[in-house]
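Novice: sequence first, then the predicted structure:
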There are 4 protein chains.
Amino acid sequence: MEETPRPAREGPRSKKRRQTRNRLLEEGLALMAQRGIHACKVEEITRAAGVGKGTFFTHFKSKQHFVAVLVDQVLNDLVRRVRPLGLSPTDAESLLAGVGTVHLRYFQLRPQAAALLTQAVGLVEHGQAGEAIKERLAEHLEGVAQMLLPACQSLGWPPEHARELALMVLANAVGFFYLGAPLGLGGDTPMSLLDRLGRVLARGLARKDQPPQ
Amino acid sequence: MEETPRPAREGPRSKKRRQTRNRLLEEGLALMAQRGIHACKVEEITRAAGVGKGTFFTHFKSKQHFVAVLVDQVLNDLVRRVRPLGLSPTDAESLLAGVGTVHLRYFQLRPQAAALLTQAVGLVEHGQAGEAIKERLAEHLEGVAQMLLPACQSLGWPPEHARELALMVLANAVGFFYLGAPLGLGGDTPMSLLDRLGRVLARGLARKDQPPQ
Amino acid sequence: MEETPRPAREGPRSKKRRQTRNRLLEEGLALMAQRGIHACKVEEITRAAGVGKGTFFTHFKSKQHFVAVLVDQVLNDLVRRVRPLGLSPTDAESLLAGVGTVHLRYFQLRPQAAALLTQAVGLVEHGQAGEAIKERLAEHLEGVAQMLLPACQSLGWPPEHARELALMVLANAVGFFYLGAPLGLGGDTPMSLLDRLGRVLARGLARKDQPPQ
Amino acid sequence: MEETPRPAREGPRSKKRRQTRNRLLEEGLALMAQRGIHACKVEEITRAAGVGKGTFFTHFKSKQHFVAVLVDQVLNDLVRRVRPLGLSPTDAESLLAGVGTVHLRYFQLRPQAAALLTQAVGLVEHGQAGEAIKERLAEHLEGVAQMLLPACQSLGWPPEHARELALMVLANAVGFFYLGAPLGLGGDTPMSLLDRLGRVLARGLARKDQPPQ
DNA sequence: CATGAATGAGTTTTCATTCAT
DNA sequence: TATGAATGAAAACTCATTCAT
């Protein structure tokens, strides 16, 4: 992932080439999020990027691989904000709250990323690019789960289900903004409320369970 | 929504016709969830339902309308489980916890429903059927928001943002199982953990905010 | 081969359907022979047959399968003329001469068939349809070889190389008219000469070898 | 034909350039014979020759012209073996037998040449390069026909049909190895049998025609 | 000259939808 | 009403060819 697909060679003079590639990714993310992965045609992307149709396929083996690269980028970007939280040691609740809040803020500012991730999941069963997406997603969740692992114990959450915790955090944020977007919900939610939602998981788990009845 | 498109009259004698329609919806939901709305072809659905391809279009104006009907059904079904919680008065936390838990349980048992709702959102901008889906979704959230309204006050949640609360509950459940499914997450989560997650929103909100530091 | 590919069911009322299929094959053979298999586009064939482009693919899984069916037809047709010669017992030379002459006459009258067979060989390595073509061709040669088997002995031709004999007869005729066509050769060769050429293989083999010099 | 297209002058110093050109032709012949003229992409050829894609077009005006050059080369090569037979005077039968045998041997050793010639015929109607191929082929046959002319009389073959004789000899050999190749026939035919086949035309024609029945 | 990045015309194939039977 | 044959608009992708470096 993330490397040039056809010929891996990246000449030094081709700074322009990389710029084109980035423009394609940028415009592609925007268009796919806006109109849907399927409704968005390759030619639209190239037109938006100001290059010929064929150019797309010199950068990406297929439309699906393009999506896979996009997913990879988004997750890399996301993890860059999340990881730091795991480095400075805090109590379990603060850690989880931080992670939740960062997720919500991230996708509030980038509803495109939420749209992309959600729709990309639909490709997971189709072709090798789909497989790549699936693996990347699994890897990401695994990473976040590792981060949350220390918190599990003090929250009384079984560590073998840490991945579900990570999933819940992601699904929360992604789902909220993906479902909300077309309904005009989520985008304008005040940050104070959003933060409160972000902390909710942590707080809810932290509170001592009363006898379940 | 929910009415036969071409001839609006639903003859009482044609029980078989309704059966066919239901079989189409049933198989369609399964196939669309499994293979994706786009990858699932009309002919696959009719074949699975044991009818000719043309029959599909005597029941549904288009493939998109079919999806709209499916969405309508799913939301009707969901609301049928949720509504009762709003009728017997309880405290805010219990109400919200109940709603959350019901959502999670519902979609754990029906990952198809989660897949359908998520993918249907991608159609929202396309055509009149998309519009219908959007409206139905908005209406649904509005309904749940109404239900949660009484809880808002005691939780200190601004009532004009009740819809966001409803959205969060739905997004939680739908996202968790839709993203989790291809990764093998969520489906096997023990009910005890799931319930804990279901209550999390309620508990997290209920807990008194300490001074934010 | 030779059967409807997608859905094998052939309703009784659809005589028209089979007519369409035949028209496609007919026009396809003509166009492919004239302009080359590659240069001949599917849409040209359907246009010539007076049907929509999509119709082609309801009859044939792909363009290559179409060619495979065509090859099958041509070989069936050819064998229908050749086989009778093997039934009435004659001497080796007459048998071989007859087979050679029939081949030449056949392809003189049907240069399209020669063009098709030749070009179809070029597809042999590509895809499953290519495989089918290859097998059909092998089967055909095997059949002719069987026919020629009795003649081998009296001609002193090793029976395990009977297939080469069959190949030579076919290659002769096909090559002659395929290479000759664009040069204006072959088509007008008087039948008397053609027959002489047809007998040539038989006579040449029949003649006792003098001590090789 | 045979001259470099863009700049017709063949600088004496650029030996390397000619080497590159030859490598392209060599690899091109091999690849086109192996995978088919159409399936073989320009880039494959340049890659095999170890040069950049653009280089191809500095040597050849187009892919089709490349094929034309290849055809020209093959025929030149072939004629180099055939011509000597016409110089030392022999009887008609020996001449024809020699020509036939040389053809068969030539293409048995060079199935690539057979494949190329056959497929090149398919280009004959397309573009100016096709025209060039056609003319080169006609010229070649004319040449061989001239060679065979003296034999015609004593064989009782009408001299105005000498070109058909030449065509038959070529078609024989080319067809045999082109059709045979994918079926595994021809390549291993023992030389003794091959020579017998090569002489067949001569012998068959030489024998006095009995009253045709 | 050599190169490989860019290009877009061109092709096969798919599939929702229509409609005659 | 049910059917499945026919349709053609689309869309991804290919690849010979051009051209700036």
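Specialist: Looks like it arrived, so ask away.

Novice: the domain parsing of chain A - what is it?
Specialist: A:15-62, A:64-206 (automatic domain parsing).

Novice: and the first one, how far out from the chain middle?
Specialist: Offset of domain A:15-62 from its chain centre (CA atoms, centre = their mean, to the nearest Å): 19 Å.

Novice: also stretch A:54-63?
Specialist: Distance, centroid of stretch A:54-63 to centroid of chain: 23 Å (CA atoms, centre = their mean).

Novice: so it, near DNA strand E or not?
Specialist: Yes. Stretch A:54-63 is in contact with DNA strand E by CB under 7 Å from any atom of the strand, via A:54-55, A:57-59. Any C-beta I mention is one placed from the backbone N, CA and C, and that applies to glycine too.

Novice: tell me where chain A has helices.
Specialist: A:15-35, A:42-49, A:53-59, A:63-87, A:92-109, A:111-121, A:127-155, A:162-180, A:191-206 (DSSP state H).

Novice: and residue C:71, which of those is closest to it?
Specialist: helix A:127-155 (32.1 Å; CB to CB).

Novice: follow-up on the earlier one: CSV for the domains of chain A, including distance to residue B:192 and mean neighbour count?
Specialist: Putting the domains of chain A into CSV (distance: least, CB to CB, whole Å; neighbours: other CB atoms under 10 Å in any protein chain shown) gives the following:
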stretch, distance to residue B:192, mean neighbour count
domain A:15-62, 37, 17
domain A:64-206, 10, 20
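
Novice: can you lay out these as CSV showing distance to residue D:43?
Specialist: What follows is the domains of chain A, written out as CSV (distance: least, CB to CB, whole Å):
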stretch, distance to residue D:43
domain A:15-62, 12
domain A:64-206, 20
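
Novice: minimum distance to chain B: which of the ones you listed has it?
Specialist: Ranking the domains of chain A by distance to chain B, with CB to the nearest CB as the measure, places domain A:64-206 first at 2.8 Å.

Novice: could I get the helices of chain A as a markdown table with mean pLDDT?
Specialist: Output for the helices of chain A, formatted as a markdown table (pLDDT from 0 to 100):
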| stretch | mean pLDDT |
| --- | --- |
| helix A:15-35 | 96 |
| helix A:42-49 | 97 |
| helix A:53-59 | 97 |
| helix A:63-87 | 96 |
| helix A:92-109 | 95 |
| helix A:111-121 | 97 |
| helix A:127-155 | 95 |
| helix A:162-180 | 96 |
| helix A:191-206 | 92 |
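
Novice: let's have those helices in JSON lines, adding distance to chain D.
Specialist: Converted to JSON lines, these look like this (distance: least, CB to the nearest CB, whole Å):
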{"stretch": "helix A:15-35", "distance to chain D": "16"}
{"stretch": "helix A:42-49", "distance to chain D": "21"}
{"stretch": "helix A:53-59", "distance to chain D": "12"}
{"stretch": "helix A:63-87", "distance to chain D": "20"}
{"stretch": "helix A:92-109", "distance to chain D": "42"}
{"stretch": "helix A:111-121", "distance to chain D": "31"}
{"stretch": "helix A:127-155", "distance to chain D": "22"}
{"stretch": "helix A:162-180", "distance to chain D": "41"}
{"stretch": "helix A:191-206", "distance to chain D": "52"}
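
Novice: out of the ones you listed, nearest to residue C:172?
Specialist: helix A:53-59 (45.4 Å).

Novice: so does that closest one get close to DNA strand F?
Specialist: Yes. For helix A:53-59, a contact with DNA strand F is found by CB under 7 Å from any atom of the strand, at A:53-54, A:57.

Novice: please export the C-alpha coordinates of that helix as CSV.
Specialist: Output of helix A:53-59 as CSV, limited to C-alpha atoms (Å, rounded to 0.1, in the frame of the first residue of the first chain):
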residue,chain,number,x,y,z
LYS,A,53,-8.3,9.9,-18.0
GLY,A,54,-5.5,7.5,-18.8
THR,A,55,-3.2,9.2,-16.3
PHE,A,56,-5.3,7.8,-13.5
PHE,A,57,-4.3,4.3,-14.4
THR,A,58,-0.6,5.0,-14.6
HIS,A,59,-0.8,5.9,-10.9
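
Novice: please report how far the residue in chain A that DNA strand E sits nearest to lies from chain C.
Specialist: With CB to the nearest atom of the strand as the measure, residue A:54 is the residue of chain A nearest to DNA strand E, at 1.7 Å. Noted for residue A:54: a distance of 21 Å to chain C, by CB to the nearest CB, to the nearest Å.
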